[in-house]
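Asker: Kindly generate the corresponding structure for this input.
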Amino acid sequence: MAAWNIVLRSGNVSSKNPSTVISVCNDLSLSRRRSLSGQNNKENALPQVVNRKYHKHSQTQLQQHQDGTDSFRRNLHGSSSLQYHTTNRLQLHTSLPSQYQAKLTPAEVTAMLRGAEYCVNDLPPGPVKSFETNTLRSNNPIEDSHSESILENGAGYLFGIYDGHGGAACGQVTAKRLQNYIAAGLLGQADLEAHKQCVAQACSGTAPLPSPTIQAFNEQFELVQDLRDIYLKSYHEYLCMLSDSFRSGVGSGEAPNENIERVLLTAFNALDNDMSREALPCPINGVNMKTLTVAMSGCVAVMAHIDGPHLHVAYTGDCTAVIGSLSENDTWLAKKLTTEHNSDNMKEVKRILSEHPEHEHHHIIKGDRLLSVLAPLRAFGDFKFKWDRNIIEDTLGTVLGDRACPPNYKTPPYLTAEPEVTYHRLTPRDKFLVIGSDGLWDLMTPMQVIRLVGEHMSGKLTLSPLHLAQPHVPLEDIAMLLRKRQAAMKLKPVDSNAATHLIRCALGGTAYGVDHSRLSQMLSLPQDMVRMFRDDITITVVFFDDEYLKYC
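Answerer: Residues are numbered from 1 along each chain as shown. Okay, here's the model as predicted:
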């Protein structure tokens, strides 16, 4: 199936596509394959006939959606300014033994795992000492996105991961825009008014773009120009709404933590509302195929805001954030800060059912999916689960016909992007935060992840020479340092990047360490089979400065 992108991307993660999967299926046990493909988890993964999470139910419904989506994308092909990538649908097949792909060498495996890794170690003094990220794709193009930034007004750090479905567009656009919406909400009134005026001048063309409110790291793509113009106008309207809130005194009596929670809630909802409005047909120009592409795809998201000892995590969908802490007896503890919004979450299911008439309840969650179609129960985009039926039919009816609306679509909206927000006060015993898309958590538990990162922290000491902090160090202290390094040699990792270390262990880990054969097989699956075994994996590991936190 063709996969569409509406951004200009730079950089690709290299991949190996062997012509056969017989050896993989022979070497991996049935139970292992079921675990990797999600058959024992929340999703029954299928070959790449449709994009994940969006439509995973009966074969008849899958084919109906495929026919409609192909038609929708054939119409999009007429938009000459749309930037896109396509991948052809491949049929599952086996090959002759003579066509077997040779096993990847350790060097090739390492090159593939490190292709998208990134780290920053020179951050200004504060609660965050460093952070490390990495991504490994399964879908082509990858549907995961991520963002990392420092707020220019000194209001902290933002780390986000966005797991797209139904295409990459919504996740990429949300990654570019959400952090700006949050940063604007954290501005003081005077700074907000000045920023709003600069943005208004940029919208009118009388001034260049204003200075950003964030310092973003590792941005890997840029939006096309006409989308930037549309989004800038929406951003100005959002700033006007924030300005009006200041004048009306909204939030003036709130405690700081309550204010940040309100900012996160407002930013998530405002961005989703803006994407909805931008996708609706314009009376003059009609349907904008680029904004409509964003609206037809979706993404789940998790965003961490860190300011001093205060950590807020806003999440919608099934991305996960976990704190790694040391207990009093120096054992690792995993504290999960998120709860997945899916059919396993009975509180979430009850919330959705309470918003609709009782006679509809047996249709709303069916086959562990919203309206038997969508796995996450909260998400950005996916407006065919939010708009009124007449809007869906007017906007998409000419393209998708009877398949424009999901089955039993009677009392929308069924879906929301409103996040839940969790607060955690950091202490010196909190060592790091791991946030990741569900591709990681499908393969590992939070406790496994925390232990691996904790061991990596210890073993990583051996990857660099021993440096003494002071010129005259007693021999007794040097001996103690050497003993620690000697003990850490047992944990010496292959990768200096903790996110890369997690991906290596998730794909190749066994009870006896990382199995190179398994890792090679998982990395050399052909494109038409890889989604059966693993999802896109995106990980950010944020390391805290415990010396800074001692004085907070």
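
Asker: And for the nearest residue to residue 281 once chain neighbours are set aside, the neighbour number?
Answerer: Leaving aside its chain neighbours, residue 281 sits nearest to residue 287 (4.8 Å; criterion: CB to CB, 6 or more residues apart in numbering). Where you see a C-beta, it was placed from the backbone N, CA and C, and this is true even at glycine. Counted with other CB atoms under 10 Å, the neighbours of residue 287 add up to 18.

Asker: For residue 287, give me the pLDDT.
Answerer: Predicted confidence (pLDDT) for residue 287: 81.

Asker: from memory it sits against residue 295, does it?
Answerer: No. Counting by CB atoms under 8 Å, residue 287 does not reach residue 295; the two are 10.3 Å apart.

Asker: just to confirm, which helix or strand has residue 409 in it?
Answerer: For residue 409, there is no host helix or strand (DSSP states H and E).

Asker: Tell me who's in contact with it.
Answerer: 371, 389, 392 (CB atoms under 8 Å, 6 or more residues apart in numbering).

Asker: and if we set it to 6 Å?
Answerer: residue 389 (CB atoms under 6 Å, 6 or more residues apart in numbering).

Asker: Equivalent analysis for residue 159, please.
Answerer: Contacts of residue 159 by CB under 6 Å, 6+ apart are 148, 304, 540, 542.

Asker: Identify the bridge partners of the second one.
Answerer: Think residue 304. residue 159, residue 313 (DSSP bridges).

Asker: Likewise for the third one?
Answerer: When bridges are called by DSSP bridges, residue 540 pairs up with residue 133, residue 435.

Asker: And the contacts of residue 159, which of them are buried?
Answerer: 148, 304, 540, 542 (16 or more other CB atoms under 10 Å).

Asker: Pick out the most distant pair among those.
Answerer: Maximum pairwise distance among those (CB to CB): 9.9 Å, between 148 and 304.

Asker: Any regions of this structure where pLDDT drops low?
Answerer: 1-102, 251-253, 255-256, 460-469, 485-491 (pLDDT under 70).

Asker: which residue is nearest the middle of it?
Answerer: Geometric centre of the chain, nearest residue: residue 162, 2.3 Å, by CA atoms, centre = their mean.

Asker: what secondary structure does that residue sit in?
Answerer: On the three-state scheme (DSSP: H, G, I helix; E, B strand; the rest coil), residue 162 is labelled strand.

Asker: Quick check: it touching residue 145?
Answerer: Yes. With contact defined as CB atoms under 6 Å, residue 162 counts as touching residue 145 (4.4 Å).

Asker: Show me the common contact partners of these two, please.
Answerer: With CB under 6 Å, 6+ apart as the test, residue 162 and residue 145 both reach 171, 175.

Asker: The nearest residue to residue 523 once chain neighbours are set aside: neighbour count?
Answerer: Among residues not flanking residue 523 along the chain, residue 112 sits closest, at 5.4 Å (CB to CB, 6+ apart). Look at residue 112: counted by other CB under 10 Å, it has 20 neighbours.

Asker: what's in contact with the helix or strand hosting residue 112?
Answerer: Using DSSP H and E, residue 112 maps to helix 106-113. By CB under 6 Å, 6+ apart, the residues outside helix 106-113 that reach it are 14, 500, 503, 504, 519, 523.

Asker: Kindly recompute the last result at 10 Å.
Answerer: Counting contacts by CB atoms under 10 Å, 6 or more residues apart in numbering, the residues outside helix 106-113 that touch it are 13-16, 103-105, 134, 136, 494-495, 497, 499-501, 503-504, 507-508, 514, 516, 519-520, 522-524.

Asker: Show the subsequent helix or strand relative to that helix.
Answerer: From helix 106-113, the next helix or strand downstream (DSSP H and E) is strand 118-120.

Asker: On the three-state scheme, residue 473 is what?
Answerer: Residue 473 ends up coil, using three-state DSSP.

Asker: That one: what's it in contact with?
Answerer: Going by CB under 10 Å, 6+ apart, the list of residues near residue 473 reads residue 481.

Asker: The contacts of helix 106-113 in strands, which ones?
Answerer: Counted as lying in strands by DSSP state E, out of these, are 134, 136, 514.

Asker: Kindly provide the distance from residue 405 to residue 380.
Answerer: 20 Å (CB to CB, to the nearest Å).

Asker: Check residue 133 too.
Answerer: Here the criterion is CB to CB. By it, residue 133 lies 21 Å from residue 380.

Asker: Need the buried ones among the contacts of residue 159 in JSON lines (columns: distance to residue 222).
Answerer: Formatted as JSON lines, these follow (distance: CB to CB, whole Å):
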{"residue": "148", "distance to residue 222": "17"}
{"residue": "304", "distance to residue 222": "24"}
{"residue": "540", "distance to residue 222": "21"}
{"residue": "542", "distance to residue 222": "25"}
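
Asker: coming back round to it: neighbour-wise, give me the winner out of the ones in strands among the contacts of helix 106-113.
Answerer: Highest neighbour count within these: residue 136, with 29 neighbours (other CB under 10 Å).

Asker: Which one of the buried ones among the contacts of residue 159 is nearest to residue 229?
Answerer: The nearest member of those to residue 229, counting by CB to CB, is residue 148 at 25.8 Å.

Asker: Assign that closest one to helix, strand or coil.
Answerer: Following three-state DSSP, the label given to residue 148 is strand.

Asker: Please report phi then psi for the spatially closest residue to it that is not a sequence neighbour.
Answerer: Using CB to CB, 6+ apart and skipping residues adjacent in sequence, the residue nearest residue 148 is residue 217, 4.5 Å away. Residue 217 adopts backbone torsions of phi -110, psi 150, taken as degrees, to the nearest 10.

Asker: Might you report the residue contacts of residue 217?
Answerer: Residue 217 neighbours (CB under 10 Å, 6+ apart): 118, 119, 120, 123, 131, 133, 146, 147, 148, 149, 150, 159.

Asker: Quick one: neighbours of the third one, just the number.
Answerer: Burial of residue 120 is recorded as 15 neighbouring residues (other CB under 10 Å).

Asker: Repeat that for the fifth one.
Answerer: When neighbours are defined as other CB under 10 Å, residue 131 has 23 of them.

Asker: Remind me which helix or strand it belongs to.
Answerer: Using DSSP H and E, residue 131 falls in strand 128-136.

Asker: Redo the ones in strands among the contacts of helix 106-113 as JSON lines? Include distance to residue 476.
Answerer: Below are the ones in strands among the contacts of helix 106-113 laid out as JSON lines (distance: CB to CB, whole Å):
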{"residue": "134", "distance to residue 476": "40"}
{"residue": "136", "distance to residue 476": "45"}
{"residue": "514", "distance to residue 476": "37"}
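
Asker: mind checking how far residue 473 is from residue 483?
Answerer: With CB to CB as the criterion, residue 473 and residue 483 are 14 Å apart.

Asker: Contact partners for the residue nearest to residue 281?
Answerer: Contacts for residue 287 were tallied using CB under 10 Å, 6+ apart; they are 75, 79, 279, 280, 281, 394, 395, 396, 398, 399.

Asker: before we move on, which element is the nearest residue to the third one once chain neighbours are set aside in?
Answerer: Pointing back at residue 279 there. Nearest residue to residue 279 in three dimensions, chain neighbours excluded: residue 295, at 3.4 Å (CB to CB, 6+ apart). Using DSSP H and E, residue 295 sits in helix 289-296.

Asker: got the CA positions of that helix in PDB?
Answerer: What follows is helix 289-296 as a C-alpha-only set of coordinates in PDB (Å, rounded to 0.1, in the frame of the first residue of the first chain):
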ATOM      1  CA  MET A 289      -5.000  17.700   0.400                       C
ATOM      2  CA  LYS A 290      -2.000  18.200   2.700                       C
ATOM      3  CA  THR A 291      -3.900  19.200   5.800                       C
ATOM      4  CA  LEU A 292      -6.500  16.500   5.000                       C
ATOM      5  CA  THR A 293      -3.700  13.900   4.900                       C
ATOM      6  CA  VAL A 294      -2.700  14.900   8.400                       C
ATOM      7  CA  ALA A 295      -6.300  14.700   9.500                       C
ATOM      8  CA  MET A 296      -6.800  11.200   8.100                       C
END
